[in-house]
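# Pasting the sequence and the predicted model now:
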Amino acid sequence: MLCEIGNNTVVSFYFGQIRKVTSMMKIIVVTGLFLAVSCSDGCQNGAAFYKPQQCSIIVEQQKSNGRYLTLKGKNSYTGKEDNYSDQGGGWNIQYDKYIEVGGIVTKRKDELIIYVHKKDTTLAFPYDCQGKIYQ
C-alpha cells in the first residue's frame with residue numbers, strides 16, 4: 001500500500017519510525033541516568049544517616065524482621081539499659097545473623113563500620129551500598 005503512494009511516503013514512514021526509536025532511546029537513557037543518580041544519592045544519604053550514630057551494646061535480646069533490626073541490652077561502658085534500632089534497613093542484613101546473646105555490637109561515631117564482638121572473634125562490617133564501601 002505504501003509503495004503505491006510513492007517513494008517519498010515510504011522514506012518519510014521510515015524516518016518517522018527512526019524518530020520514534022530515537023525518542024524512545026532518549027527516554028530510556030534519561031530514565032537510566034535518573035535511576036543511577038537517585039540510587040547513588042540513596043547510598044550517600046544512607047552513609048550520612050549512619051555516620052553520626054554510635055552504640056556499644058551487650059546484647060540481651062535481638063529482634064530481626066526483614067530489613068528491621070532491634071537490639072536490647074546494656075551499654076558496655078555504663079552498664080545502663082540501652083537499645084539500638086535500624087529501621088532503614090540494608091546494612092544490618094549483612095551482620096544481623098552473626099549477633100548472639102551475650103555478644104557486643106559496637107558502632108563508633110563518625111565511622112561506617114559495625115563491629116560484632118563474639119566470645120573468640122570480632123567481625124567488622126563496613127557500610128557497603130551497591131558494591132561500594134563507604135568510609
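Yes, it's here.
# Work out the sheet partners of the host helix or strand of residue 133 and label each with its direction, please.
Residue 133 is part of strand 132-134 when elements are defined by DSSP states H and E. Using DSSP bridges, strand 132-134 pairs in its sheet with strand 122-129 (antiparallel).
# Just give me the longest strand of the protein.
Longest strand in the chain by number of residues (criterion: DSSP state E): strand 55-65.
# Averaged pLDDT, that strand. What do you get?
Strand 55-65 comes out with an average pLDDT of 92.
# picking up where we left off before, buried set for the strand holding residue 133?
If you call a residue buried by 16 or more other Cβ atoms under 10 Å, then strand 132-134 has these buried ones: residue 134. C-beta here means a position set from N, CA and C on the backbone, and glycine is covered the same way.
# thinking again about what came up before, from the contact counts, what lies against the helix or strand just after the longest strand of the chain?
Next helix or strand after strand 55-65 toward the C-terminus (DSSP H and E): strand 68-75. Judged by 3 or more Cβ pairs under 8 Å, 6 or more residues apart in numbering; DSSP states H and E, the packing partners of strand 68-75 are strand 55-65, strand 81-86.
# Parallel or antiparallel, which strands does the shortest one pair with?
Strands flanking strand 81-86 in the sheet, each with its direction: strand 68-75 (antiparallel) (DSSP bridges).
# Give me the buried stretch members for the strand it pairs with, please.
69, 71, 73-74.
# residues in contact with it?
The contact list for strand 68-75, computed with Cβ atoms under 8 Å, 6 or more residues apart in numbering, reads 55-64, 80-87, 89, 92, 96, 99, 105.
# what inclination does it have with respect to strand 55-65?
If you take axes from the mean of the first three to the mean of the last three Cα atoms, to 10 degrees, strand 68-75 sits at 140 degrees to strand 55-65.
# could I have strand 68-75 exported to CSV, CA atoms only?
Output of strand 68-75 as CSV, limited to C-alpha atoms (Å, rounded to 0.1, in the frame of the first residue of the first chain):
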residue,chain,number,x,y,z
TYR,A,68,14.4,-4.1,60.6
LEU,A,69,16.7,-4.8,63.5
THR,A,70,16.3,-4.0,67.2
LEU,A,71,18.9,-4.8,69.8
LYS,A,72,18.2,-4.6,73.5
GLY,A,73,20.8,-4.9,76.2
LYS,A,74,23.2,-2.9,78.3
ASN,A,75,25.7,-0.3,77.3
